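Colleague: Provided below for reference: sequence and predicted model.
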Amino acid sequence: MSSVCFNGIVGYKELGNLLNDDKWGSKEDGSGTVAYVLMENENETYQVKFIWKEHVYRKHHYLLSCGLMVCSFKIDVQDFVPE
């Protein structure tokens, strides 16, 4: 098992560089509600964590590699009223 964590605002920027998208952590649903990946607030720092697990199945002389990737993060949702 392998894992990597991105913490706080620095982690947010690192992920933005990796994804080539500095606004990767927000999504608007079209009705004015926006969900954000929460990385930091005035009291706490949060993380985005990626975990990769791999298992190799063997049958006779055949190998099959299967992977599972899990990403965990906290979100915050805000409603905005158009002016």
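Modeller: Sure, I can see it.

Colleague: so what's Ser2 bridging to?
Modeller: When assigned by DSSP bridges, Ser2 has beta-bridge partners Trp52.

Colleague: how many neighbours does the nearest residue to Val34 once chain neighbours are set aside have?
Modeller: Leaving aside its chain neighbours, Val34 sits nearest to Glu28 (4.8 Å; criterion: C-beta to C-beta, 6 or more residues apart in numbering). (C-beta placed from N, C-alpha, C; glycine too.) Using other C-beta atoms under 10 Å, the number of residues around Glu28 comes to 10.

Colleague: how close does Glu28 get to Asn7?
Modeller: Using C-beta to C-beta, to the nearest Å, we find Glu28 at a distance of 25 Å from Asn7.

Colleague: then Lys23?
Modeller: Counting by C-beta to C-beta, the separation of Lys23 from Asn7 is 19 Å.

Colleague: what comes up buried for stretch 7-24?
Modeller: For stretch 7-24, burial by neighbour count (16 or more other C-beta atoms under 10 Å) applies to Gly11, Tyr12, Leu15.

Colleague: quick check: the second one is in a strand.
Modeller: By that I understand Tyr12. No. Tyr12 is assigned helix when assessed by DSSP: H, G, I helix; E, B strand; the rest coil, not a strand.

Colleague: ok so, going back, tell me the pLDDT at the residue nearest to Val34?
Modeller: On the pLDDT scale, Glu28 is placed at 84.

Colleague: surely it meets Tyr36?
Modeller: No. Between Glu28 and Tyr36 there is no contact under C-beta atoms under 8 Å: 10.2 Å.

Colleague: which one of the buried residues of stretch 7-24 is nearest to Glu54?
Modeller: Distance to Glu54 across the buried residues of stretch 7-24 (C-beta to C-beta) is lowest for Leu15, with 22.2 Å.

Colleague: cool, thanks, talk later.
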